[in-house]
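Colleague: Structural data only, the sequence is not supplied:
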């Protein structure tokens, strides 16, 4: 980034002042502050885990978690996805990021992979957060450096260099490991056919609700279950909160780009100042909120499953409310689409044992579901046997399904490349089973959220030799990149195993 600063010195001259102010912070939180391949990890505090025989402390992890947040905000996808995976889907993303960061540094040093200044500069110019119309925009860089995100997380602008350098390391290591991988013409051809041949599929669904409706449950059965499991039937906890809202005005909500970002930043600063005032003064929440310019609203009592309608437009607030307690009645700042919010716990209604009459609907539904699950498996097995026999006898799939009281559902022909355009429930499960079927083959029973289904592949519609040859040639480069990245990720996984990475606690 030093080179970019020089190149655009006039645009971002003000950054120099900021860098000077935070020089002392950087001295303690710069690259030397985290264990690399050759340096020790943190030297005190609560132990979090270990790797390469060195201990990792919670302070180390907190810093790495903040680095992950910054990398996400900058759009450093290669770094984030390689070290943490899909952050939204991977519940261990934070742990993976910490351990894999150590492995990356260790292996890069061992293999003498060191990004040059020019490589870092080139990569920095491609960072998504610094782009305008596909071109590097020094003003965007200046906005990030001058904004509050970096100092609020304990960093100076030098962290940008550090993260970009890590991303370059990943790309160079991936290229080094991936260079040993190639794809054959047969592999490419098969991959192209798998992705582009259209499939004619038919489904038959067995719905749990249909089975449950036909199951009678007597009061005696329900009472027997209640008596055995009485302690399990409790009312839901309830919460009541005051919400301090720091929201954009109607005019500010119409703003775009930097103007909207600046307006939101001002709201965020006000919300943070309010939370600091609460922590310092321990005063009246409502009074302090008004002094800090917040709009106040009060919810009714609500459960986690059924939030107060006043919170419907702010879905995170309901879940945050149930993290509050009498000892910690105030939430951190919660970001919404048009502002920031802080919650204060006003009251709670604890869970209470339910009487039999109160619990009866839940008990009946529970018994029906349990019995329906058993019936479903038996019915599914019988249906598959009868349908397969009918197909062998020459009947159509539609007629075979009718023999067991089921309706065949024909899907429009589609390829895997077109699957996202098909509006059909349980599409992922359908694809996972259809991809391994041959023409005229019937899948095993596939459980779904509302019961289950069978997938029947009538046929795959063949492509011409010319289409296959042209398509395979076009996709070879992307396929090769995917395969090489897969090899690199497997290498990283094995190197992490060799690093003896161990958790000392469940989470940071």
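Modeller: Received the coordinates, thanks. What you are looking at is a predicted structure, and each value in this text was computed from that prediction instead of being measured.
Colleague: quick one: secondary structure of residue 485?
Modeller: Assigned with DSSP: H, G, I helix; E, B strand; the rest coil, residue 485 falls in the helix class.
Colleague: Which parts of the stretch 301-450 of the chain are helices?
Modeller: Per DSSP state H, counting those that start in this stretch, the stretch 301-450 of the chain carries helices over the ranges 315-321, 356-392, 397-402, 427-434.
Colleague: so what secondary structure elements neighbour the longest one?
Modeller: What that stands for is helix 356-392. strand 198-207, helix 208-213, helix 219-228, helix 397-402, strand 441-442, strand 451-461 (3 or more CB pairs under 8 Å, 6 or more residues apart in numbering; DSSP states H and E). Yep, even glycine has a C-beta here, placed from its N, CA and C like the rest.
Colleague: So which residues make contact with the fifth one?
Modeller: Defining contact as CB atoms under 8 Å, 6 or more residues apart in numbering, one finds that strand 441-442 is touched by 384, 387-388, 391, 454-457.
Colleague: now with 6 Å?
Modeller: 456-457 (CB atoms under 6 Å, 6 or more residues apart in numbering).
Colleague: Now it: average pLDDT?
Modeller: For strand 441-442, mean pLDDT rounds to 90.
Colleague: cool, the longest one as well?
Modeller: On average, the pLDDT along strand 451-461 is 93.
Colleague: Could you do the fourth one as well?
Modeller: Per-residue pLDDT values across helix 397-402 average out to 92.
Colleague: next one: the third one
Modeller: Helix 219-228 shows an average pLDDT of 94 in the prediction.
Colleague: quick one, that helix and helix 356-392 angle?
Modeller: Counting by axes from the mean of the first three to the mean of the last three CA atoms, to 10 degrees, helix 219-228 lies at 110 degrees to helix 356-392.
Colleague: Now do stretch 226-235: distance to the chain's middle.
Modeller: In terms of CA atoms, centre = their mean, to the nearest Å, the centre of stretch 226-235 is set 35 Å apart from its chain centre.
Colleague: Equivalent analysis for stretch 459-466, please.
Modeller: Centre to centre, stretch against its chain (CA atoms, centre = their mean), the figure for stretch 459-466 is 37 Å.
Colleague: what's the straight distance from one end of that stretch to the other?
Modeller: Its first and final residues considered, stretch 459-466 spans 21 Å by CA to CA, to the nearest Å.
Colleague: if we can go back for a sec, so which of the helices and strands packed on helix 356-392 gets nearest residue 339?
Modeller: helix 208-213 (40.9 Å; CB to CB).
Colleague: Please enumerate the strands of this protein.
Modeller: Secondary structure of the chain by DSSP state E: the strands cover 47-51, 54-57, 131-132, 135-136, 198-207, 238-247, 295-298, 334-336, 339-349, 408-410, 441-442, 446-448, 451-461, 502-503.
Colleague: quick one: contacts for residue 476?
Modeller: residue 188.
Colleague: Next, format the helices of the stretch 301-450 of the chain as TSV and append distance to residue 166.
Modeller: What follows is the helices of the stretch 301-450 of the chain, written out as TSV (distance: least, CB to CB, whole Å):
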stretch	distance to residue 166
helix 315-321	30
helix 356-392	48
helix 397-402	54
helix 427-434	32
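Colleague: circling back: compare the strands of the chain and say which comes out lowest on pLDDT.
Modeller: Lowest mean pLDDT of the strands of the chain: strand 334-336, a mean of 86.
Colleague: Give me the contact list for it.
Modeller: Residues outside strand 334-336 that contact it (CB under 6 Å, 6+ apart) are 314, 316-317, 320, 341.
Colleague: care to break the chain down by domain?
Modeller: Domain segmentation of the chain under automatic domain parsing yields 2-179+490-503, 198-224+356-461, 238-349.
Colleague: In CSV: these, plus distance to residue 484 and mean neighbour count.
Modeller: As requested, the domains of the chain are exported to CSV (distance: least, CB to CB, whole Å; neighbours: other CB atoms under 10 Å):
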stretch, distance to residue 484, mean neighbour count
domain 2-179+490-503, 3, 17
domain 198-224+356-461, 21, 16
domain 238-349, 37, 16
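Colleague: Looking at the ones you listed, spot the one closest to residue 185.
Modeller: Going by CB to CB, the one of those nearest residue 185 is domain 2-179+490-503, 19.0 Å.
Colleague: For the residue of the chain most remote from its centre, give me phi and psi.
Modeller: Most distant from the centre of the chain: residue 393, at 48.2 Å, with distances by CA atoms, centre = their mean. The phi/psi pair for residue 393 (degrees, to the nearest 10) reads phi -80, psi 0.
Colleague: Any figure for the gap between it and residue 386?
Modeller: For residue 393, the distance to residue 386 (CB to CB, to the nearest Å) stands at 11 Å.
Colleague: where along the stretch 51-200 of the chain do the helices fall?
Modeller: Under the criterion DSSP H, counting those that start in this stretch, the stretch 51-200 of the chain contains helices at 58-74, 77-84, 93-110, 117-124, 138-146, 149-152, 158-178, 185-196.
Colleague: So which elements touch the fourth one?
Modeller: I take that to be helix 117-124. Packing partners of helix 117-124 (3 or more CB pairs under 6 Å, 6 or more residues apart in numbering; DSSP states H and E): helix 158-178.
Colleague: average pLDDT across the helix it packs on?
Modeller: For helix 158-178, mean pLDDT is 95.
Colleague: what does stretch 86-98 give?
Modeller: 89.
Colleague: so how far is residue 72 from the residue nearest the centre of the chain?
Modeller: Centroid check for the chain by CA atoms, centre = their mean gives residue 88 as the closest residue, at 0.7 Å. Residue 88 sits 10 Å away from residue 72, going by CB to CB.
Colleague: again with residue 378
Modeller: The gap separating residue 378 from residue 72 is 48 Å, by CB to CB.
Colleague: before we move on, what about residue 346?
Modeller: For residue 346, the distance to residue 72 equals 34 Å [CB to CB].
Colleague: Contacts only, for residue 484.
Modeller: The neighbourhood of residue 484, defined by CB under 6 Å, 6+ apart, consists of 178, 181.
Colleague: so what pLDDT did it get?
Modeller: So residue 484 comes in at 94 (pLDDT).
Colleague: list the contacts for the residue nearest to residue 207 when sequence neighbours are not counted?
Modeller: Among residues not flanking residue 207 along the chain, residue 451 sits closest, at 4.5 Å (CB to CB, 6 or more residues apart in numbering). Taking CB under 6 Å, 6+ apart, we find residue 451 in contact with 206-208.
Colleague: Now distance to residue 307 too, for the residues you listed, in TSV please.
Modeller: Listed next are those as TSV, based on distance: CB to CB, whole Å:
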residue	distance to residue 307
206	34
207	29
208	27
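Colleague: Having no further points to raise, I will conclude here.
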